[in-house]
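**Student:** Sequence plus the predicted model coming up.
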Amino acid sequence: MATQQIPVVVLAGFLGSGKTTLLNHLLRAGDGTRIGAIVNDFGSIEIDAMTVAGQVDSMVSLGNGCLCCAVDTSELDTYLERLARPSARIDVIVIEASGLAEPQELIRMILASDNERIVYGGLIEVVDAAEFADTRARHPELDRHVGIADLVVLNKADRIADAARQELIGTLAELAPGRPVICTAYGRIDPEMFFDRGQGEDRDAAVRQLSFEDLLREASAQGTPGQGLDGVPEHDHENCHGCDHHHSGHLHAAYESVEFTSVEPMDPRRLMEFLDSRPAGLYRIKGFVHFDVPENRQRFTLHAVGDFLRFYPEPWPKGEERCTQLVMIGSGIDVPALRKELENCRQDVAAEADENSMWGVLRYVPSQEE
């Protein structure tokens, strides 16, 4: 049976773009997900929560099962190996790159890893909307970083006017054709864009550690109402006109989740044509595919993020119905058109499936699984 793989997400962006704020948001909103965080710059990743949950050091075991490591890129593979070990029980690994790091190098190291327990989970490029022009002037490589991103987060989008925001979205769309651009404030992006929340909820209560949600509730109960962990007044979400999650019509470019199920087997050639020309704005595809092809009637687990695509064949679980079940996540996608394209990928009953039709699929099966 295929090894359960841990997605490794690279979080990049120049200094001040809001990477640490976004990572803190993911840690708070993980809802039971155990996150392994690797950071180049330690920054301000919930230092108060760390103080409550354990010692602050280069290696910190956080209360929600997040193992946080301050490392150099040369150490990356060593820490990926440590985080991916089964005993760590990590669900997702997030690498917060230094503001001056080369994300392409981090991606290369992840893809070159021999660790079969990890899989590339995408490059998230965080862009400061208010300082974009100045940042681009100081760091011309910003264009290249945006161009290789799987998802662009336009942070602090509440700080610029609507017209300027639309113009900036257009610029980013030119730099990263076909990639979703999500506008946000305070780094508040739904974690389901990056990983599946709540994977750790069914774990034994005996091994469940104190979560960030627990820490925040505890601090709130013990401290002054309206204050955060560090004593700074909490943000007033109800009266803030810049919060994207509250005033969704003003700013938020929401993501969409589309489900597709088919009891009829999928045609390998048609499905690969769809996957090779994925619609603009489609960020993640996950699920299982059923092919009725001789010697290839296994269940094929599909994992796609940006241009990255993998299939993992394994036997169907005993008693499980053989069908295709996919979930697609993106922003600005045409949902009816997407469903119609997938419906057209079903295998024609009159057509005979042959092994040659599987070539396109099998070239995306990792060698160790063949």
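**Tutor:** Everything's here; your move. Numbers count the residues shown, from 1 in each chain.
**Student:** And the contacts of stretch 123-135?
**Tutor:** The contact list for stretch 123-135 (CB atoms under 8 Å, 6 or more residues apart in numbering) reads 9-14, 16-19, 22, 103, 107, 142, 145-146, 148-157, 159-160, 165, 168, 171-172, 176, 183, 187, 194, 306. The C-beta positions use only the backbone N, C-alpha and C, and glycine is treated the same way.
**Student:** mind running it again at 7 Å?
**Tutor:** Contact with stretch 123-135 is made by 9-14, 16-19, 22, 103, 107, 142, 145-146, 148-157, 159-160, 165, 168, 172, as judged by CB atoms under 7 Å, 6 or more residues apart in numbering.
**Student:** How far does it sit from its chain's centre?
**Tutor:** Relative to the chain's own centre, stretch 123-135 is displaced by 19 Å; criterion: CA atoms, centre = their mean, to the nearest Å.
**Student:** Strands along the stretch 51-200 of the chain, start to end?
**Tutor:** Applying DSSP state E, counting those that start in this stretch to the stretch 51-200 of the chain gives strands spanning 59-61, 67-70, 92-96, 118-128, 151-155, 181-183.
**Student:** Tell me which of those strands lies nearest to Glu320.
**Tutor:** Smallest distance to Glu320 across the strands of the stretch 51-200 of the chain (CB to CB): 22.6 Å, for strand 118-128.
**Student:** the inter-axis angle of the closest one versus strand 151-155?
**Tutor:** 30 degrees (axes from the mean of the first three to the mean of the last three CA atoms, to 10 degrees).
**Student:** so what strands line up beside strand 118-128?
**Tutor:** The sheet places strand 118-128 alongside strand 6-12 (parallel), strand 151-155 (parallel), with pairing taken from DSSP bridges.
**Student:** among those, which is the most enclosed?
**Tutor:** Greatest average neighbour count among these goes to strand 151-155 (a mean of 26), per mean count of other CB atoms under 10 Å.
**Student:** thinking again about what came up before, can you put the strands paired with strand 118-128 in JSON lines and add mean pLDDT and distance to Met358?
**Tutor:** Formatted as JSON lines, the strands paired with strand 118-128 follow (pLDDT from 0 to 100; distance: least, CB to CB, whole Å):
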{"stretch": "strand 6-12", "mean pLDDT": "93", "distance to Met358": "25"}
{"stretch": "strand 151-155", "mean pLDDT": "95", "distance to Met358": "30"}
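**Student:** Would you reformat those as TSV and include distance to Val39?
**Tutor:** Listed next are the strands paired with strand 118-128 as TSV, based on distance: least, CB to CB, whole Å:
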stretch	distance to Val39
strand 6-12	9
strand 151-155	17
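**Student:** For Asp292, which of those strands is the nearest?
**Tutor:** Minimum separation from Asp292 across the strands paired with strand 118-128 (CB to CB) falls at strand 6-12, 29.2 Å.
**Student:** next structured bit after the closest one?
**Tutor:** The helix or strand immediately downstream of strand 6-12 is helix 19-29, counting by DSSP states H and E.
**Student:** got the angle for whatever helix or strand comes next after that next one vs strand 6-12?
**Tutor:** Per DSSP H and E, the first helix or strand lying C-terminal to helix 19-29 is strand 35-39. For strand 35-39 against strand 6-12, the angle between stretch directions is 40 degrees (the same axes, to 10 degrees).
**Student:** What average pLDDT does strand 35-39 get?
**Tutor:** Here strand 35-39 scores 80 as its mean pLDDT.
**Student:** Kindly report the same for stretch 279-288.
**Tutor:** On average, the pLDDT along stretch 279-288 is 92.
**Student:** And the contacts of it?
**Tutor:** Residues from elsewhere that reach stretch 279-288, judged by CB under 7 Å, 6+ apart: 150-151, 178, 180, 193, 299-306, 324-334, 338.
**Student:** Can you report how many residues neighbour Tyr79?
**Tutor:** Tyr79 has 19 neighbouring residues, counting by other CB atoms under 10 Å.
**Student:** tally of neighbours for Asp128?
**Tutor:** So Asp128, with other CB under 10 Å, has 19 neighbours.
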